[in-house]
Structure formats: structure tokens, C-alpha cells
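1. Structure here, sequence nowhere to be found:
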């Protein structure tokens, strides 16, 4: 029965985590609910679940929610993602993914989190080709102005910040880099989700570029 605080807790990745852990832990979800898998989830009314509506850019609200939770474990899954969102809102993408991460880490430092802090990054930091990637592979920061790199650079900056807090303040931070995650409750279009839905409808599957991309 540890206390777990999850930013971006209404998203479908977080919802899967919550489903696995909710029976044996107290979980606080912090999310602005721009995307919402949680409300229709079977765990939405679970006795061990606390929901706080808020934005990771709102430091004071985030501080209050995290302090109230008094977490043993913090999972930072809040982010702007999805190519449509990134293209339409590049400034918001950078602010949420960098400043939001900074807010979470700073409050973790204040609360002296000693169990685990999990930071969600992305396979996009490896560039457009990611084949048999390992942690030590070089990351890629593409040219300014190309939409995809707005997301990748913002998440990579979050990784460096997480590592810096771990080194300087001895916070137990680990960063993970999901590759094309998809599954039940997914609320934003991803490549595999689009492929599967088109296949089920008997439609042609369209791939941009020359088809040699590997992920």
C-alpha cells in the first residue's frame, strides 16, 4: 500500500499502470483531462484512487496535490504528444514537456522522494530510425523548425533534467523510452493504431517516405 502519484494519469498508458497497481496501492492521478481514458475505465471509481484535475505547468497546484498525496513513488507521464498536437501547438509542447518536468522534479526534491521517480520519455530521441536501440545509443536533435524535433528535443531536455536532479540531489530517477505504444483506451492516433484500424476496415495502409523507416 504505497502512495503513488501519477501525472498524466488520465492517459491510456497511465490507465494501464493504474489497473495493474490499484488494488494494492493508493494512487493519486493528476491530469488536466484534455485526453481522458480514465473516466470510462473500470477503475475510475476505485476506493484507492484519488483524482485531482490540474496542469503540470501550475506549480502551486501541483505542489499542493503532491504534498497532499505524500508519495513514495512518482510517475511522470504528463506530456504533449501526437504529431497533430505538436504541429498545432509547438510552444505548448516545449513548455509542458520541459517546464512541466522541471516542476515535478523540483517538488520531488522538496518532498525528498526516496523510493522511485519514473520519467516517461520517448523513442523519438533516437531519431527517425531506431533499430535494436540500447540506452547508450546516441540521441538525435534535428533541425529547428522541423515539427517532429520539437517533441523529441523537449523530451530529451526532460531526460537531461531528470539525470541532473538524480546526480545533484540524489533523487532515484529512472527514464524510460517507449516505442510506438498502443493499446486499449488509446485516445490519440499512433502509427500502429492507425494501421490496425485500417486493416480491420479493409483499407490500404499508407506509409510516408520510402518505407525503410524502422522503429
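-> In hand now; what should we look at? Being a predicted model, the structure only gives us computed values, none of them experimental.
2. For the residue of the chain most remote from its centre, give me the pLDDT.
-> In the chain, the greatest distance from the average C-alpha position (CA atoms, centre = their mean) is reached by residue 202, at 31.8 Å. Here, the pLDDT recorded for residue 202 equals 97.
3. Helix or strand: which one has it?
-> Taking DSSP states H and E as the definition, one finds residue 202 inside no helix or strand.
4. What spatial separation is found between it and residue 186?
-> Distance of residue 202 to residue 186, given as CB to CB, to the nearest Å: 21 Å. Heads up, the C-betas are built off the backbone N, CA and C, glycines and all.
5. Equivalent analysis for residue 1, please.
-> With distances taken as CB to CB, residue 1 is found 30 Å from residue 186.
6. And the two? Which one has more around it.
-> For residue 1 versus residue 186, neighbours defined as other CB atoms under 10 Å are more numerous around residue 186 (17 against 7).
7. now the more buried one, nearest residue through space, not along the chain?
-> residue 12 (4.8 Å; CB to CB, 6 or more residues apart in numbering).
8. I'd like the next helix or strand past the lengthiest helix in the chain.
-> Scanning the chain for the helix with the most residues, using DSSP state H, yields helix 147-169. Moving toward the C-terminus from helix 147-169, the next helix or strand (DSSP H and E) is strand 173-176.
9. List the contacts of the residue positioned nearest the centre of the chain.
-> Centroid-nearest residue in the chain, with CA atoms, centre = their mean: residue 77, separated by 3.0 Å. Residue 77 makes contacts with 6, 7, 8, 9, 11, 13, 14, 17, 120, as judged by CB atoms under 8 Å, 6 or more residues apart in numbering.
10. is it fair to say residue 99 lies in a helix?
-> Yes - counting by DSSP: H, G, I helix; E, B strand; the rest coil, residue 99 is located in a helix.
11. Run a quick neighbour tally on it.
-> 17.
12. Low-confidence regions, this structure specifically.
-> Counting by pLDDT under 70, the chain has low-confidence residues at 188, 215.
13. Right, I'll call it a day here.
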